[in-house]
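S.K.: Pasting the sequence and the predicted coordinates here, then a few questions.
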Amino acid sequence: MRLFGFFGGFFCGAAVSTGSCVTALKLYQLETGQEQKGTSEKVPEVREDIGRFGFPVTGAEVRHYANHTLSYDQSKRTPRWVAEHLTNHKLQGNTERKHCRFRPDPAIPACFSATNGDYFRSGWSRGHMAPAGDNKQSERFMADTFLLSNIVPQNYENNAGFWNRLEMYCRDLTKRFQDVWVVSGPLVLPQEVDGKRKVSYQVIGNDGVAVPTHLFKVILVQNNNVSDKAEQSQSPPLALGAFIIPNQPISFERSLTDFQVSLLELEKAAGLTFYPRLPKTSDPASETAGGNSKTRTEQEIKSNNKEVNLNTEQSAADSIPTEFGPPTDLCKVDGCKLMGYKEFTLYLTGRKVGSARSIEKLEKFMSELKDQGIQPDDYLTNLYQQKKEELANKEPPKGKTGV
């Protein structure tokens with residue numbers, strides 16, 4: 001053995017290339033039976049030792065509910081993302097939210113869950129990611145949206161105003177597209193302070209529920225009934241829009257396109273890959289939003305598809321036909337126009353009138369509308385008359401009291 005070691009060293013020193021030296025050493029190892037086993041053979045044993053008592057669990061697995069799906073962020077006590085599939089048929093129904101109550105999600109461990117007490121007097125509203133308005137088809141659908149796993153701390157005006165109008169726009173899309181997929185969630189984005197970019201966010205309540213600086217919404221629409229190629233070129237069957245909305249009051253002067261971003265920009269900010277089964281595409285909003293025009297490579301798509309297939313159950317909604325081609329910019333196809341001030345005010349007044357419990361309240365709502373200089377339309381006028389008659393029949397005659 002020593003003699004071979006001497007000649008091996010001599011050979012290496014005299015060899016013209018390092019390749020010859022390696023070959024000689026390999027021969028030596030084979031002769032002596034000292035060739036090392038591949039590290040791959042030890043990997044399973046190493047993994048078993050490291051994970052003998054298990055690995056940390058994030059709780060971010062995909063969770064399915066009656067009509068929405070989400071991934072939960074245990075550290076922030078809010079959802080990471082919430083996904084929905086909307087159709088005109090699914091939006092039908094008359095279930096009312098007044099029968100629902102916000103409550104902790106029993107599927108979330110109590111130590112990682114928000115409570116109603118966290119929001120009490122916090123200055124923030126309980127903002128739905130899957131809206132109650134998308135779930136009027138059944139009481140169970142709507143009740144699930146009031147679980148706090150679907151809720152984030154949201155600015156009151158934003159929740160009732162711009163974000164509400166955006167949710168209404170998503171529902172309105174079902175009148176023009178057969179299928180609408182929506183993913184919504186909170187973001188905590190860095191802001192520049194003293195020339196430095198920093199991530200800072202408020203937490204509320206004893207459980208430290210994280211208040212997002214922004215909210216996001218990704219909308220994908222599809223038309224299955226477009227079969228003629230000429231018609232397809234005019235009305236693309238797949239369109240997508242990505243938006244990042246500040247968690248603060250937003251005036252009616254701002255349009256939805258002001259907050260449109262490229263899909264890649266949102267994915268980088270959220271640390272998520274949206275709609276991973278979409279065909280290879282240049283970013284539909286890159287030109288409109290001034291975003292990065294990088295594309296998803298075939299390798300990225302295959303990798304994402306493999307991950308999704310391993311970790312989730314594939315449904316019909318997941319399998320988007322690739323023959324449709326990549327999605328186009330939703331805002332170019334549909335305009336992304338939200339309801340204006342007058343129309344939105346009439347809508348809100350209609351909701352108030354419909355839920356009024358006394359004639360006094362009813363008249364107050366109509367008076368507030370008049371003070372804003374807005375005349376009621378035919379729908380609101382008829383609703384007001386019907387509600388007034390209904391309340392008049394319920395109220396006891398003057399001078400008499402109920403037993």
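M.R.: Alright, I've got the coordinates.

S.K.: drop to CA atoms for contacts and neighbour counts, all remaining ones
M.R.: Will do.

S.K.: Start from the N-terminal end of the stretch 101-250 of the chain and give the strands.
M.R.: 125-128, 151-154, 179-187, 191-193, 196-198, 203-204, 209-210, 214-222, 238-246 (DSSP state E, counting those that start in this stretch).

S.K.: partner strands of the first one, parallel or antiparallel?
M.R.: This points to strand 125-128. strand 151-154 (antiparallel) (DSSP bridges).

S.K.: try the fourth one
M.R.: Each strand paired with strand 191-193, and its direction, by DSSP bridges: strand 196-198 (antiparallel).

S.K.: Now do the partner strand: distance to the chain's middle.
M.R.: 26 Å (Cα atoms, centre = their mean, to the nearest Å).

S.K.: hey, which helix is longest across the chain?
M.R.: Longest helix in the chain by number of residues, with DSSP state H as the criterion: helix 378-394.

S.K.: got the CA coordinates for it in CSV?
M.R.: Listed next in CSV are the C-alpha coordinates belonging to helix 378-394 (Å, rounded to 0.1, in the frame of the first residue of the first chain):
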residue,chain,number,x,y,z
ASP,A,378,-86.8,55.3,-9.9
TYR,A,379,-85.5,52.3,-8.1
LEU,A,380,-84.8,54.1,-4.9
THR,A,381,-88.1,56.0,-5.0
ASN,A,382,-90.1,52.8,-5.3
LEU,A,383,-88.0,51.1,-2.6
TYR,A,384,-88.6,54.1,-0.3
GLN,A,385,-92.4,54.0,-0.9
GLN,A,386,-92.5,50.2,-0.3
LYS,A,387,-90.5,50.4,2.9
LYS,A,388,-92.5,53.3,4.2
GLU,A,389,-95.8,51.3,3.8
GLU,A,390,-94.2,48.3,5.4
LEU,A,391,-93.0,50.3,8.5
ALA,A,392,-96.3,52.1,8.8
ASN,A,393,-98.2,48.8,9.0
LYS,A,394,-95.8,47.6,11.7
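
S.K.: ok now that helix, how far from the chain's centre?
M.R.: Relative to where its chain is centred, helix 378-394 has its mean C-alpha point 39 Å off (Cα atoms, centre = their mean).

S.K.: Report the buried residues of that helix.
M.R.: Neighbour-count burial for helix 378-394 flags L380, Y384, K387, K388, L391 (criterion: 16 or more other Cα atoms under 10 Å).

S.K.: ok, of the strands of the stretch 101-250 of the chain, where does mean pLDDT dip lowest?
M.R.: Among those, strand 191-193 carries the lowest mean pLDDT, a mean of 91.

S.K.: Contacts for it next, please.
M.R.: Outside of strand 191-193, the residues within contact range by Cα atoms under 8 Å, 6 or more residues apart in numbering are R197, K198, V199, S200.

S.K.: and those as CSV, adding distance to N224?
M.R.: Output for the contacts of strand 191-193, formatted as CSV (distance: Cα to Cα, whole Å):
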residue, distance to N224
R197, 45
K198, 45
V199, 42
S200, 44
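
S.K.: Of the strands of the stretch 101-250 of the chain, flag the one that's most buried.
M.R.: Mean neighbour count, computed with mean count of other Cα atoms under 10 Å, is highest for strand 151-154 among these, reaching a mean of 26.

S.K.: residue ranges with poor pLDDT in the chain?
M.R.: When residues are selected by pLDDT under 70, those of the chain lie in 1-41, 225-236, 280-324, 395-403.

S.K.: what's the closest non-adjacent residue to the most centrally placed residue in it?
M.R.: The centre of the chain sits closest to S184, judged by Cα atoms, centre = their mean, with a distance of 2.3 Å. Excluding the flanking residues, the one nearest S184 by Cα to Cα, 6 or more residues apart in numbering is K217, at 4.4 Å.

S.K.: so that neighbour sits right up against I244, yeah?
M.R.: Yes - K217 lies in contact with I244 (Cα atoms under 8 Å); the separation is 6.8 Å.

S.K.: The residue nearest to the centre of the chain and L346: what is the separation?
M.R.: Remark: distance between S184 and L346 (Cα to Cα, to the nearest Å) = 27 Å.

S.K.: ok, back up a step: which one of the strands of the stretch 101-250 of the chain lies nearest to L70?
M.R.: For the strands of the stretch 101-250 of the chain, the distance to L70 is smallest for strand 179-187, at 9.0 Å, taking Cα to Cα.

S.K.: which residues touch that closest one?
M.R.: Taking Cα under 8 Å, 6+ apart as the rule, strand 179-187 contacts 78-87, 129-130, 152, 170, 173-174, 212-223, 269-270.

S.K.: Then stretch 202-211?
M.R.: 76-78, 112-115, 117-120, 122, 152-154, 201, 212.

S.K.: Just the buried ones out of the residues you listed, please.
M.R.: Buried among the contacts of stretch 202-211 by 16+ other Cα under 10 Å: 76-78, 112-115, 118-119, 152-154, 212.

S.K.: Could you work out the most separated pair of those residues?
M.R.: Using Cα to Cα, the two most remote members of those are F112 and Q154, lying 19.2 Å apart.

S.K.: thinking again about what came up before, how about the strands of the stretch 101-250 of the chain in CSV, adding distance to R351?
M.R.: Below are the strands of the stretch 101-250 of the chain laid out as CSV (distance: least, Cα to Cα, whole Å):
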stretch, distance to R351
strand 125-128, 18
strand 151-154, 21
strand 179-187, 25
strand 191-193, 38
strand 196-198, 41
strand 203-204, 30
strand 209-210, 30
strand 214-222, 25
strand 238-246, 25
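
S.K.: closest one to K364 among those strands?
M.R.: Of all those, strand 125-128 comes closest under Cα to Cα, at 24.5 Å.

S.K.: Pull the residues that contact the closest one.
M.R.: By Cα under 8 Å, 6+ apart, the list of residues contacting strand 125-128 reads Y119, T145, F146, N150, I151, V152, P153, Q154, N155, Y156, N159.

S.K.: Settle this for me: the second one is touching A132, isn't it.
M.R.: Pointing back at T145 there. Yes - look at T145 against A132 with Cα under 8 Å: they come within range, at 6.0 Å.
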